[in-house]
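1. show me how the following folds:
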Amino acid sequence: MASRWTAYQQAENEVRQSQELQADPTLESELHAMAQEEQALAQAQCLRLEAELQRMLIPKDPDDERAAFVEIRAGTGGDESALFAGDLLRTYTRYADSQGWRVELMSESASELGGYKEAVMRISGDGVYGRLKFESGGHRVQRVPATEAQGRVHTSTATVAVLPEAEEVDVQINEKDLRLDLFCASGPGGQSVNTTYSAVRITHLPTNTVVSQQDEKSQIKNRAKAMKVLRARLYEMEMRKQQEALAKERRGQVGTGERSEKIRTYNFPQSRITDHRINFTTHQLHQVVDGDPSELIDQL
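-> Numbering: from 1, shown residues only. Predicted structure coming up:
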């Protein structure tokens, strides 16, 4: 920061010196032209350094270092949408592995063809939420489904929500506001499936927020997991209320995370990904889908 400010002051001084030199009536035309050129270069450097200084002055998001819950849901498009949701789950899982982050699948609802109707995972590590928070929104895919006999391109969608993990001190939950329902876990056969009431459904009555968890055989572990997800969702609700109170122009900037917005299009026939919020396009689609969205994340 200090070095940028010093460089900015030096560039401003060069602009002033060039202007003073040009004001000299005895200056030869050749030297006058050189002074004009130096002034233009110094002014361009001033603009560049000013932009850098403004970015440095933007307060850091206090949530950037938190762990995050990534919720992926199939949207419109039937089976193809569920397959695309599975692709996104694989993308973020592989990316997390490449960053040395820890991934924990909290819940999943698989589709018949191998995709996911819904999947929720917790990702922990250094700067997880700060890197993934702009992934929230509607993701649209354009490609020929494996079940399409005529080779026609179909369009389907999936939604991604990235929530910062909330600590107990961030969200105060009154036990009286919770309704706890217990039921038998469903899924592949085995011990404890459909025999014990280990699955948990928690409803937060004031907001009608419902969280279900059945992956663990222990009711206690399922309840603890469900409370983590519930706390994150309530925290996000509060943060969204605060965002809505900000000025209109800020809400229109990158990162509002409105899930109703189509933020990105994945066009497989053209091997193209376009992020509509920043008008950025890359043709490294397969690299991104295979687990390396770094280029998109860095641009955002």
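2. the residue nearest to residue 133 when sequence neighbours are not counted bridge partners, please.
-> Closest residue to residue 133 apart from its sequence neighbours, by C-beta to C-beta, 6 or more residues apart in numbering: residue 162 at 5.3 Å. C-beta: built from backbone N, CA, C; applies to glycine. In this entry, residue 162 is beta-bridged to residue 70, by DSSP bridges.
3. and residue 162, how many neighbours?
-> Using other C-beta atoms under 10 Å, residue 162 is surrounded by 22 other residues.
4. residue 218 versus that one, what's the distance?
-> Going from residue 162 to residue 218 by C-beta to C-beta, to the nearest Å gives 28 Å.
5. so the residue nearest to residue 133 sits against residue 67, correct?
-> No: assessed by C-beta atoms under 8 Å, residue 162 is found out of contact with residue 67, at 10.9 Å.
6. quick one: common contacting residues for the two?
-> residue 129 (C-beta atoms under 8 Å, 6 or more residues apart in numbering).
7. ok, back up a step: tell me the predicted confidence for the residue nearest to residue 133.
-> For residue 162, the model assigns a pLDDT of 90.
8. same deal with residue 112?
-> 82.
9. residue 178 now?
-> If you check residue 178, the pLDDT there is 91.
10. i'd like the first residue to be 35 from this point on
-> Sounds good: first residue 35 from here, last item residue 212.
11. so residue 236 sits in a strand?
-> Yes: the assignment for residue 236, made by DSSP: H, G, I helix; E, B strand; the rest coil, places it in a strand.
12. residues near residue 79, how many?
-> Neighbours of residue 79 using other C-beta under 10 Å come to 17.
13. shouldn't it be in contact with residue 45?
-> Yes: assessed by C-beta under 8 Å, residue 79 is found in contact with residue 45 at 4.4 Å.
14. how about the strands in the chain?
-> 102-108, 136-144, 150-158, 171-177, 188-198, 212-217, 233-238, 243-247, 296-301, 306-309, 314-316 (DSSP state E).
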